[in-house]
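**Q** Everything below, folded, please.
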Amino acid sequence: MPSVFQKPAGEDSPGTVKEAIGYGTFNVLFFLMLSYPGASLLRELLGWSGLATAPLIAAAVLWPVSVAIVYAEPRLHAQAWWPKVSTAWTWGCSILYTCPPPVLALTLPLTVGTDLPAGVPTLISLLPVVALFGFFVARRRWRDRAR
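**A** From the prediction side, this is the model:
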């Protein structure tokens, strides 16, 4: 029986640039949805008003870097020196994806909606996460209903 952590057959790595673009886009959006609400909450805890847009701009800048990472990583796995740098690579990619939103929200926020009441910017930043969760629940119920 194969391990839970083994990749399914036929899903080795993104072989084309088109697949790398898809996976890179998913990485940026997923990690932005995880870190952006926290960045917004930190701003509100510090008493700053408004919704920071700099993390969204950082996501647009990080997207081509993410595509390059996703495209290059399977090729790097084949190198003899890969086991020596794999842990640093994993940590580096995690930091690259999760740190820009909080850092930019606190240092160069480029705020909009400074007249919004307290709590609203954090709620706005949570909307994509809630919408995605709602989409998955609705899709599952729709599929179960169709059976």
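
**Q** all helices of the chain, in order?
**A** 17-45, 54-77, 82-98, 100-107, 120-146 (DSSP state H).

**Q** Quick check: which ranges of this structure have low pLDDT?
**A** 1-14, 147 (pLDDT under 70).

**Q** tell me the centre residue of this protein?
**A** residue 31 (1.8 Å; CA atoms, centre = their mean).

**Q** Spatially nearest residue to it (excluding sequence neighbours)?
**A** Of all residues not flanking residue 31 in the chain, residue 97 sits nearest, at 3.7 Å (CB to CB, 6 or more residues apart in numbering). (Each C-beta comes from the backbone N, C-alpha and C, glycine too.)

**Q** How about residue 41?
**A** residue 122 (5.1 Å).

**Q** burial of the one you found, as a residue count?
**A** 19 (other CB atoms under 10 Å).

**Q** Next, work out how far apart it and residue 15 are.
**A** Distance, residue 122 to residue 15, by CB to CB, to the nearest Å: 40 Å.

**Q** What of residue 96?
**A** For residue 96, the distance to residue 15 - CB to CB - is 23 Å.

**Q** Settle it for me: which of those two has more neighbours?
**A** Neighbour count, other CB under 10 Å: between residue 96 and residue 15, residue 96 has more, with 15 against 10.

**Q** show me what contacts the more buried one?
**A** Counting by CB atoms under 8 Å, 6 or more residues apart in numbering, residue 96 touches 62, 65, 69.

**Q** Please tell me how far it sits from residue 44.
**A** With CB to CB as the criterion, residue 96 and residue 44 are 25 Å apart.

**Q** One more: residue 68?
**A** Applying CB to CB, the value for residue 68 to residue 44 is 34 Å.

**Q** Show me which of those two is the more surrounded one.
**A** A direct count of neighbours by other CB under 10 Å for residue 68 and residue 44 places residue 44 higher, at 16 against 13.

**Q** Skipping adjacent residues, who's closest to that one in space?
**A** According to CB to CB, 6+ apart, the nearest residue to residue 44 is residue 122 (5.6 Å).

**Q** quick one on the thing from earlier: in this structure the residue nearest to residue 41 contacts residue 42, no?
**A** No. Residue 122 is beyond contact range of residue 42, at 9.5 Å (criterion: CB atoms under 8 Å).
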